[in-house]
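>>> Sequence and computational prediction follow.
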There are 2 protein chains.
Amino acid sequence: MRIAFGIAALALAACQSPAGSVGNIPAPPEGNTPSPGEVIAASKPEEWRALDPENTLYMDFPQGRVIIEMAPQFSPNHVANVKTLSREGFFADGAVTRVQDNFVSQWAQAADPARPPKKGVEKLNAEFTLPRNAVANFDVLPDPDTYAPEVGFVNGMYAARDMTSAWLTHCYGMVGVGRENDENSGGGTELYVIIGHSPRNLDKQLTMLGRVVQGMEIMAAFPRGTGDAGFYKTPGEYQHYADIKVAADLPPEQRTPLEIMKTDSASFATLVNSRRWRKDDFYRNPVGRIGLCNVTVPVRAATPAS
Amino acid sequence: MRIAFGIAALALAACQSPAGSVGNIPAPPEGNTPSPGEVIAASKPEEWRALDPENTLYMDFPQGRVIIEMAPQFSPNHVANVKTLSREGFFADGAVTRVQDNFVSQWAQAADPARPPKKGVEKLNAEFTLPRNAVANFDVLPDPDTYAPEVGFVNGMYAARDMTSAWLTHCYGMVGVGRENDENSGGGTELYVIIGHSPRNLDKQLTMLGRVVQGMEIMAAFPRGTGDAGFYKTPGEYQHYADIKVAADLPPEQRTPLEIMKTDSASFATLVNSRRWRKDDFYRNPVGRIGLCNVTVPVRAATPAS
């Protein structure tokens, strides 16, 4: 028994211990690691990109504005349909109708009966994965992952890939397209965001629309629904938003200009490695590993044009 | 370049693909997998254990009762101190004073200035890890993990170990002991619970007290604090609880009898494997892996004595 354990442990150690060789994990920085604020302060303007207003959604709740960056590279048809739905007024007077603890907040029309789309559609073919070689801009995170052979970032979105495919992953804050059992039954009329420990077993089973880049503190703090799967039992519990608007459809003075740190930048690599090897007055024992969904992609208010 | 990639990919595949050999991942069940409810319904009474009232804390909020099972195997001195603090009335009229989105809800005395403990103490030596061989009851989860060579469960608590040590992990719902920079500055007068994507880089850096087994839908839905690190800026924002009581100190009729599924039971193994290979009318593409913090340890109302 002891020998059998020893062999198993050695196999584990070769694959998984911090001394192991999965990926190319950078060496720890010398001394204490910088804080995210310090890394951001030292970054260069060209290491950030502005949100594209044509690719950005605003959901205005009484609690504040929630901002979603969409990922048309992965789900072009769903992104186009959501924009069409927005522009025909489909999302007006909508609401969060489901909040399941440690899982999702989900939103839809609050109307009963729901109004059907006029120009947009209710159902599209699934956009779960892309061919691996169609995603040249995959920024690898070398740390091991439970669910996928390789993980990383694609233009700021959490992603994974194997030998044949690439896909977006269900990390905290990622937005997906609700569907029925039929894989091709979602279209964007119902959307959800991950509000708990990232349910990565949903990867490749649902179409991802993008990521919440502002307002997760609103989306994650709604009262949990007490119906099946966290649906609110009564319309009186719904959490209403005024509309979902494409940022480009608002006059510039009503937009919220944000910048995202580029995930292929040197500052982002510095940030990831400083969290992987975090060592400061509080953290004494760096683990030398970081999980994909434990990485925070920095977002900041856009710097005024000089 | 292509050759270098091929070698790296092979190494990854050997360690990490679902076809790989890390641990001994059970084969997929035939056909569709049972739901958790079905596994629970088919379980045997002896696969459950009742919460020990001497090892259980109640926090009664206006929203409902939050129940914590403590882990004295890992933090005997902190558990004993928290019970002493409870019994001297230290926790009366306390409040959640910090809620940082995707991180923690933290609670403490709401009094200003805080009352010092009379019988309990404010500071204890850290209880971060145990010697590996002191934890014989480690139920292994064979799936790969980003942060530790091996993960699993110890009496229902999320845990990890390496060649020398074992420790509890910062999964969603786990409760830890707040401290200052000094590793020996925590004692249990301030506690926190994980409310977002599990921050596993905290493992072995803080003493773990136990796990919330009822009421996470309360702890995770408080408004997020807008001060530094999610602290509420004003006492008016505090989320008050009446007290923290040891269940054994309440008369039986005021207790909430719960049972936890044993993590060394056949039903728990069935449950984990059915989620690892989840396949049903909605989930079509089983991944064959499950993350430690993605496993839910079942809790149910205790069955009345027959």
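Nice, thanks for sending it over.
>>> Please name the bridge partners of residue A:70.
Each beta-bridge partner of residue A:70 is listed here: residue A:210, as defined by DSSP bridges.
>>> Quick one: name whatever helix or strand follows the helix or strand of chain A with the lowest mean pLDDT.
One helix or strand of chain A scores below all others by mean pLDDT, DSSP states H and E: helix A:2-16, with a mean of 37. Of the helices and strands lying after helix A:2-16 in sequence (DSSP states H and E), the nearest is helix A:36-42.
>>> Just to check, residue A:259 is in contact with residue A:265?
No - counting by CB atoms under 8 Å, residue A:259 does not reach residue A:265; the two are 11.7 Å apart. Using the backbone N, CA and C atoms, a C-beta is placed for each residue, glycine as well.
>>> can you give me the end-to-end distance of stretch A:204-221?
Distance across stretch A:204-221, first residue to last, is 27 Å (CA to CA, to the nearest Å).
>>> Now do the same for it: mean pLDDT, whole number.
Stretch A:204-221 shows a mean pLDDT of 98.
>>> what residue is smack in the middle of chain A?
Note on chain A: the residue nearest the mean C-alpha position is residue A:174, at 2.7 Å, using CA atoms, centre = their mean.
>>> who's in contact with that one?
With contacts defined as CB atoms under 8 Å, 6 or more residues apart in numbering or on different chains, the neighbours of residue A:174 are A:157-158, A:168, A:193-194, A:198, A:208, A:210-212.
>>> Need the max-distance pair from these.
Within the contacts of residue A:174, two members stand farthest from each other by CB to CB: A:198 and A:210, at 15.5 Å.
>>> before we move on, the earlier item: tell me the bridge partners for the residue nearest to the centre of chain A.
The residues that residue A:174 bridges to, once DSSP bridges is applied, are residue A:211.
>>> Do you know the pLDDT at it?
Here, the pLDDT recorded for residue A:174 equals 98.
>>> How about residue A:285?
On the pLDDT scale, residue A:285 is placed at 88.
>>> residues touching it, list them.
Taking CB under 8 Å, 6+ apart as the contact definition, residue A:285 lies against B:204-205.
>>> do you know how far it is from residue A:84?
Counting by CB to CB, to the nearest Å, the gap from residue A:285 to residue A:84 is 52 Å.
>>> Can you show me the helices along chain A?
Ranges of helices in chain A, per DSSP state H, are A:2-16, A:36-42, A:76-87, A:216-219, A:266-276.
>>> Get me the contact residues on the stretch 51-200 of chain A for chain B.
By CB under 8 Å from any CB of the partner chain, the residues of the stretch 51-200 of chain A that approach chain B are A:99, A:101-102, A:143-150, A:162-163, A:171-173, A:181, A:183, A:196-200.
>>> all strands in the stretch 151-300 of chain A, in order from the N-terminus.
Remark: strands of the stretch 151-300 of chain A, listed N- to C-terminal, are A:157-161, A:165-168, A:174-177, A:191-194, A:208-214, A:239-240, A:244-246, A:258-261, A:299-301; assignment by DSSP state E, counting those that start in this stretch.
>>> Packing partners of the longest one?
Put plainly, it is strand A:208-214. Of the remaining helices and strands, those touching strand A:208-214 by 3 or more CB pairs under 8 Å, 6 or more residues apart in numbering or on different chains; DSSP states H and E are strand A:64-70, helix A:76-87, strand A:157-161, strand A:174-177, strand A:258-261.
>>> Just the CA trace of the longest one, in CSV.
As requested, C-alpha coordinates have been extracted for helix A:76-87 and formatted as CSV (Å, rounded to 0.1, in the frame of the first residue of the first chain):
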residue,chain,number,x,y,z
PRO,A,76,-21.2,36.5,-34.0
ASN,A,77,-24.8,35.5,-34.7
HIS,A,78,-25.9,35.8,-31.1
VAL,A,79,-24.2,39.2,-30.7
ALA,A,80,-25.8,40.5,-33.8
ASN,A,81,-29.2,39.2,-32.7
VAL,A,82,-28.9,40.7,-29.3
LYS,A,83,-28.1,44.1,-30.9
THR,A,84,-31.1,43.7,-33.2
LEU,A,85,-33.3,42.8,-30.2
SER,A,86,-32.0,45.9,-28.4
ARG,A,87,-32.7,48.1,-31.3
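>>> That helix to strand A:208-214, inter-axis angle?
Helix A:76-87 and strand A:208-214 meet at an angle of 60 degrees, taking axes from the mean of the first three to the mean of the last three CA atoms, to 10 degrees as the criterion.
>>> List of residues touching helix A:76-87?
Contacts with helix A:76-87, where a contact means CB under 8 Å, 6+ apart, come from A:54-55, A:57, A:70-72, A:91, A:117, A:119-121, A:124-125, A:127, A:177, A:186-189, A:191, A:207, A:209-210, A:243-246, A:249.
>>> Same question for the last one.
Contacts to strand A:258-261, defined as CB under 8 Å, 6+ apart, come from residues A:40, A:43, A:47-51, A:67, A:69, A:156, A:213-214, A:267-268, A:271, A:297-303.
>>> Quick one, which of the residues you listed are buried?
Among the contacts of strand A:258-261, those classed as buried by neighbour count (16 or more other CB atoms under 10 Å in any protein chain shown) are A:40, A:43, A:47-49, A:51, A:67, A:69, A:156, A:213-214, A:267-268, A:271, A:297-299.
>>> Give me the below-cutoff pLDDT ranges for chain A.
Scanning chain A for pLDDT under 70 picks out the ranges A:1-23, A:304-306.
>>> For residue B:59, see how far away residue A:139 is.
In this view, residue A:139 and residue B:59 are 43 Å apart by CB to CB.
>>> For the two, work out which one has more neighbours and name it.
Neighbours per residue, other CB atoms under 10 Å in any protein chain shown: of residue A:139 and residue B:59, the larger number sits with residue B:59, 23 against 17.
>>> list the contacts for the more buried one?
B:65-68, B:107, B:215, B:241, B:243-244.
>>> will you turn the residues you listed into a markdown table that also has distance to chain A?
Compiled in a markdown table, the contacts of residue B:59 are given as follows (distance: CB to the nearest CB, whole Å):
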| residue | distance to chain A |
| --- | --- |
| B:65 | 15 |
| B:66 | 13 |
| B:67 | 15 |
| B:68 | 16 |
| B:107 | 16 |
| B:215 | 10 |
| B:241 | 17 |
| B:243 | 24 |
| B:244 | 21 |
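>>> how near is residue A:163 to residue B:277?
Distance of residue A:163 to residue B:277, given as CB to CB: 21 Å.
>>> These two: which is more packed in?
Neighbours were tallied for residue A:163 and for residue B:277 using other CB under 10 Å; the higher tally belongs to residue B:277 (22 against 12).
>>> residues contacting that one?
B:28-29, B:33, B:286, B:288.
>>> who wins for most neighbours among the residues you listed?
The member of the contacts of residue B:277 surrounded by the most neighbours (other CB under 10 Å) is residue B:33, with 22 neighbours in all.
>>> show me what contacts that residue?
Counting by CB under 8 Å, 6+ apart, residue B:33 makes contact with B:273-275, B:277-280, B:286.
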